[in-house]
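Peer 1: Got a predicted structure plus its sequence, pasted below:
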Amino acid sequence: MTSPTHAPVGRPTATAPVLRAEGLSRAFGTGAGQVHALADVSLEVEASELVVVVGPSGSGKSTLLHLLGGLDAPSSGRVWLGGGPDGAVRELTAMAEEEQHAVRRSEIGYVFQAFGLVPVLSAAENVEVPLRLARTGVAERTERVAAALAAVGLSEHALQRPYELSGGQQQRVGIARALVTEPRVLLADEPTGQLDSGTAAVVMDLVRDLVRSRGVAAVVTTHDPELMARADRVLVLRDGRLDAG
Ligand SMILES: Nc1ncnc2c1ncn2[C@@H]1O[C@H](COP(=O)(O)OP(=O)(O)OP(=O)(O)O)[C@@H](O)[C@H]1O
């Protein structure tokens, strides 16, 4: 495996990307039935950058996001998080499970195609969940939830449950929940996959604006051409590999 070209883990560096992956591969199964879902994928994402990953069904988009976010472990390859206030670069793939959990909770926001909201909780309570997991105090939770809902234009809908909201509003709750911990990385898997094209455009504009205004490094997978048009960079996956150009 090639070694990272930036400073080793823990050493401050002003120019490190927020998210960096090198040589990521993931195989499922063994023997003749083995599937190489991802093969030797390397990428870097800077603060305020929206990278969109496209590719046919089964090309490895979700697998890539899972590996970047520590939701799954690569067969080989490494992922680093950098760009924090202290300038430290830390290897996500080398962390002990508990440390990885803590990093996932506080530094990485996830948005899913199916929204993933808890049906019995209000919009505000759904947004609050990551803060409760992070044991944030009640006063700060209230303040942050209100700010996150305002950022996605849903202050008026704070007390409504998911079934009382439209698909686009539900996904905006999902985005508020992903960003409420002020993560440095946002990972979204087909966030507009269940939305009509008009609503998808609104949600995507929101994602792009939030990425820029908050300095988040975002990786978003999609089949949606609207979404590609809003990207700073589009990466194409085919059979688990990134297209060169
Ligand atoms: N847990 C798993 N076990 C076995 N094979 C898997 C697993 N997860 C993914 N795969 C396989 O890995 C390949 C890539 O899947 P992945 O879900 O990453 O593709 P995708 O590009 O996100 O597809 P889609 O656009 O349909 O969501 C596929 O062949 C898939 O069947």
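Peer 2: Arrived safely, thanks for sending.

Peer 1: Heading C-terminal from the least confident helix or strand in the chain by mean pLDDT, find the next helix or strand.
Peer 2: The least trusted helix or strand in the chain, going by mean pLDDT, DSSP states H and E, turns out to be helix 225-229, with a mean of 82. From helix 225-229 onward toward the C-terminus, using DSSP states H and E, the following helix or strand is strand 233-238.

Peer 1: What lies in contact with the strand or helix carrying R141?
Peer 2: Counting by DSSP H and E, the element that carries R141 is helix 138-151. Helix 138-151 is contacted by residues 123-124, 127-128, 131-132, 136, 155, 157-158, 173, 176-177, 179-180, 210 when judged by Cβ atoms under 8 Å, 6 or more residues apart in numbering. C-betas here are computed from N, CA, C, even on glycine.

Peer 1: Of the residues you listed, which one scores lowest on pLDDT?
Peer 2: Summarising pLDDT for the contacts of helix 138-151: the lowest-scoring member is L210, with 89.

Peer 1: Helix, strand or coil: sort out that one for me.
Peer 2: At L210 the chain is in helix, as set by DSSP: H, G, I helix; E, B strand; the rest coil.

Peer 1: all numbers from here: first residue = 802
Peer 2: Okay, using 802 as the starting number, the last item reads as L1011.

Peer 1: So it versus the ligand, what's the distance?
Peer 2: The gap separating L1011 from the ligand is 23 Å, by Cβ to the nearest ligand atom, to the nearest Å.

Peer 1: Just give the number of residues close to that residue.
Peer 2: Residues near L1011, counting by other Cβ atoms under 10 Å, number 21.

Peer 1: Surely it touches A979?
Peer 2: No - L1011 sits out of contact with A979 when judged by Cβ atoms under 8 Å, with a separation of 9.4 Å.
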